[in-house]
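**Q** I'll drop the sequence and a predicted model, then ask my questions.
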Amino acid sequence: MANMAQAIRMALHYGEEHLGVKEIFGEDVGAPLGGVFTVTQGLKTAWNSPLDERGIVGAALGLAWAGSRPVAEIQFVDYIFNTIDLLKLCGNSLWCSAGKFPTPMVLMTPTGSGIHGSIYHSHSFDSIASKIHGMKVVCPSTPLDAYGLMISAIKDDNPVLFLKPKALLRAKGTELIPGEPSDERLLKEMIDAPIGDRSQWKPRWPALEDYAIPLGEAKISKGGSDATIVTHGRMAPICLEVANEFKAEGKGDVEVIDMRSLIPYDWNAITQSIRKTGRVLFVNEETEISNFGEHLIRRVIDEMFYELAVRPRILCGKAVPGIGLSPVLEFNSVPQKADVERSVSELLADPA
Amino acid sequence: MSNSNVKSMSEALYGKLEPKILLEIHHTMVKARSLEERLIKMSKGGEGFFWIGGPGEEAFNVPLGLQVKKGQGVSHDYLHLHYRSSGIMLAMGAEVIDTIRQMRTTSTDPYSRGRNFVNHYAIPEWNVLPVAPTIETQYSTCIGTAIAQARSKSDGITIVNGGDAGTAEGDFHSCLVWANRPALPLPVLMIVINNGFGISTPAREQHGEENISDWARVFKGMPSKTINGNDPVESWFAIQEAMKYIRTNRKPYLLEARASRLNGHSSSSGANRVSEPDCIKLFEEKLIKGKIASEDQLKKVWELIQRECDDAHAKVKQEPFPDGEDIWNGVFKEGLPSSYPKKGGS
């Protein structure tokens, strides 16, 4: 099965062939590297830009205004902070011009912890991203979702921030992408660049098919009736694993909602699940002050107070300036599997 | 081509422009000035709020607007403008009434429907990208339209303008670097209107560059020029030369125009007239001296435009303000999902 980096690469190739993508660019995005996580390897319209995040976002916005559907990359989300006023222009162009200037563009960037990335390769951006109103924000947790969300992001007439969980980019999927060969060694031979000299190398792309996951649609990764976990990105497979283990061990039947889209978010999926379970835990790796999950909790309290059996909870990153390099520091900063287990146990044990 | 010091070449150049064009430039300069003065009056009278605009930039902006290849798409010129560009817009054919509408924040404001400050245009049919209140970001966004044009077979170019103070921002340098990438040079006309101030801060205290156009020198072969932006004829020919170079060579050009700022930064500093050279007054002296127009003839232009502004203003006063619920339009292209939170809290 393809890993997430290969899946996004295949979606971008599909975009080049079928959706009018003509410009894929960013730092080290073109040959020979094809992106620091190999996401843009072998793509015919991928090119290297100057080391200039503001220029990258500005170029993408200008290209969108010129009718292109660019896909630009910020090499790590940790480097996106100096572009915030340009991101705001991406998000507000349509609104400020009273509907005259839509901005169909995708900005993709690796996010989150999990690769021992220290202070400037471990940031999350979910909460700040959710404040760039007018911009959609997605964050997949599986290769197939990454493929489907990227195709939808390219098709969308709004700016879409595509957050790629760093820790999951090399993780293989369990579902075939439409058109993907079932032999993963064959896929690797076809689309992964060789080590060493690549100057003569060209990918052989499989016959990929359209597969669009609507932006704003969550996925029930596992059904359950005792409690609800709402999560996304790196935390999604961890939460799913914990929920499966709890079920197997007879500790409780927990439903896991993988949001996939943060903006707009699937409020109906969240409310339907909570209406069933009465217990909810929001899990993400953003820092606690302030956290996008807090907005969801506030809305649950406002709109579903009398349908809750117990207080809603959140498990998220600690509110400290950075994520330390030592695993001891990192693991004590962002949620790990043991933290999810503890939080779910407490949620299930809370007296109604 | 090299930088030149600021000196008026106008005497030699005046004879090269048709009297008809000179009078069209004058007419549009007067229109831009009258419009701005009307906007200032509205701001001071409580009709609208913040004012920011371009009195003093007419002599450069009008010749620029008249030479734009106007239209939609990559084969026409893209304009990434700052908020002192009324002269460009009027020269391109914009109506004074539409800017008055934006000043009064009416629902008929075609550029932003009451959402943005005055002189913040957005006209897709003429490639006028949304003017941003942020300083200098237009030098980053212009990279994108210029890339699209560099890929095309057309002679369309990207035009970006801004002030001298903003050149300290990184976006200005982003534009220089990207426009000069050996991998894909960009057809960009980078314009800096140097009025010597950033709000209240004199440029001479903050900038050691002799000319802002000197920034082009570090890029091999990038032409640049510093001109007297208070002279419309010198401006006309400098713009013509720069545009011709870019359309033909598909490479960038940096043009610095020294100009007056006649009403300060904005309404935040009072918007009162200051004692700096007035480009229209200087132009009129030359038109009269050169027997291109009589004093009486020029006076009639002012009167005619005054009436146009009066009529437009009177009409706008009868027009409605936006509906409060309009805030939800334009968040997303397709509208908002039904579950989007709209209460503004609990």
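**A** Received, thanks. Residues are numbered from 1 along each chain as shown, chains lettered A, B, ... in the order given.
**Q** Alpha carbons of the helix or strand where A:Arg185 lies, in CSV - could you do that?
**A** If you go by DSSP states H and E, A:Arg185 is part of helix A:184-191. The C-alpha trace of helix A:184-191 is given here as CSV (Å, rounded to 0.1, in the frame of the first residue of the first chain):
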residue,chain,number,x,y,z
GLU,A,184,3.7,-1.9,-3.2
ARG,A,185,7.2,-2.9,-4.4
LEU,A,186,5.9,-2.2,-7.9
LEU,A,187,4.5,1.1,-6.9
LYS,A,188,7.9,2.1,-5.4
GLU,A,189,9.7,1.1,-8.6
MET,A,190,7.2,3.1,-10.6
ILE,A,191,7.1,6.4,-8.7
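**Q** Report the secondary structure state of the closest residue to A:Glu307 other than its chain neighbours.
**A** Of all residues not flanking A:Glu307 in the chain, A:Arg275 sits nearest, at 5.6 Å (Cβ to Cβ, 6 or more residues apart in numbering or on different chains). All C-beta atoms are positioned from the backbone trio N, CA, C, and that covers glycine. Here A:Arg275 is recorded as helix under DSSP: H, G, I helix; E, B strand; the rest coil.
**Q** how much space between A:Arg275 and A:Glu303?
**A** 11 Å (Cβ to Cβ, to the nearest Å).
**Q** If you count surrounding residues, which of those two has more?
**A** A:Glu303 (15 against 12; other Cβ atoms under 10 Å in any protein chain shown).
**Q** Check the spacing between the more buried one and chain B real quick.
**A** A:Glu303 sits at a distance of 9 Å from chain B (criterion: Cβ to the nearest Cβ, to the nearest Å).
**Q** So what touches the helix or strand hosting that residue?
**A** Per DSSP H and E, A:Glu303 falls inside helix A:292-304. Residues external to helix A:292-304 that are found in contact with it (Cβ atoms under 8 Å, 6 or more residues apart in numbering or on different chains): A:126-127, A:130, A:230, A:262, A:265, A:267, A:270-271, A:274-275, A:280, A:282-284, A:286, A:308, A:312, A:314, A:316, B:341, B:346.
**Q** Filter the residues you listed down to the ones in helices?
**A** A:126-127, A:267, A:270-271, A:274-275 (DSSP state H).
**Q** is it true that B:Arg38 lies in a helix?
**A** Yes - counting by three-state DSSP, one finds B:Arg38 located in a helix.
**Q** average pLDDT for stretch A:133-145?
**A** Averaged across stretch A:133-145, the pLDDT comes to 98.
**Q** The nearest residue to B:Ser200 once chain neighbours are set aside and B:Ile40, how far apart?
**A** Leaving aside its chain neighbours, B:Ser200 sits nearest to B:Ser269 (6.8 Å; criterion: Cβ to Cβ, 6+ apart). Separation of B:Ser269 from B:Ile40 (Cβ to Cβ) stands at 12 Å.
**Q** now do B:Glu285
**A** 24 Å.
**Q** Of the two, give the one with the bigger neighbour count.
**A** B:Ile40 (22 against 11).
**Q** Tell me if I'm right that the more buried one and B:Gly54 touch.
**A** No - taking contacts as Cβ atoms under 8 Å, B:Ile40 lies outside contact range of B:Gly54: 11.5 Å.
**Q** List the contacts of the nearest residue to A:Gly34 once chain neighbours are set aside.
**A** The shortest distance from A:Gly34 to any non-neighbouring residue, by Cβ to Cβ, 6+ apart, is to A:Gln41 (3.0 Å). With contacts defined as Cβ under 8 Å, 6+ apart, A:Gln41 is in contact with A:9, A:33-35, A:191-193, A:203.
**Q** 10 Å instead, please
**A** A:5-6, A:9, A:12, A:29-35, A:191-193, A:198, A:201, A:203 (Cβ atoms under 10 Å, 6 or more residues apart in numbering or on different chains).
**Q** Helices - which of these land there?
**A** Filtering those for helices - DSSP H - leaves A:5-6, A:9, A:12, A:191.
**Q** Look up how far chain B lies from the residue nearest to A:Gly34.
**A** 19 Å.
**Q** Ok, A:Ile154 next?
**A** 14 Å.
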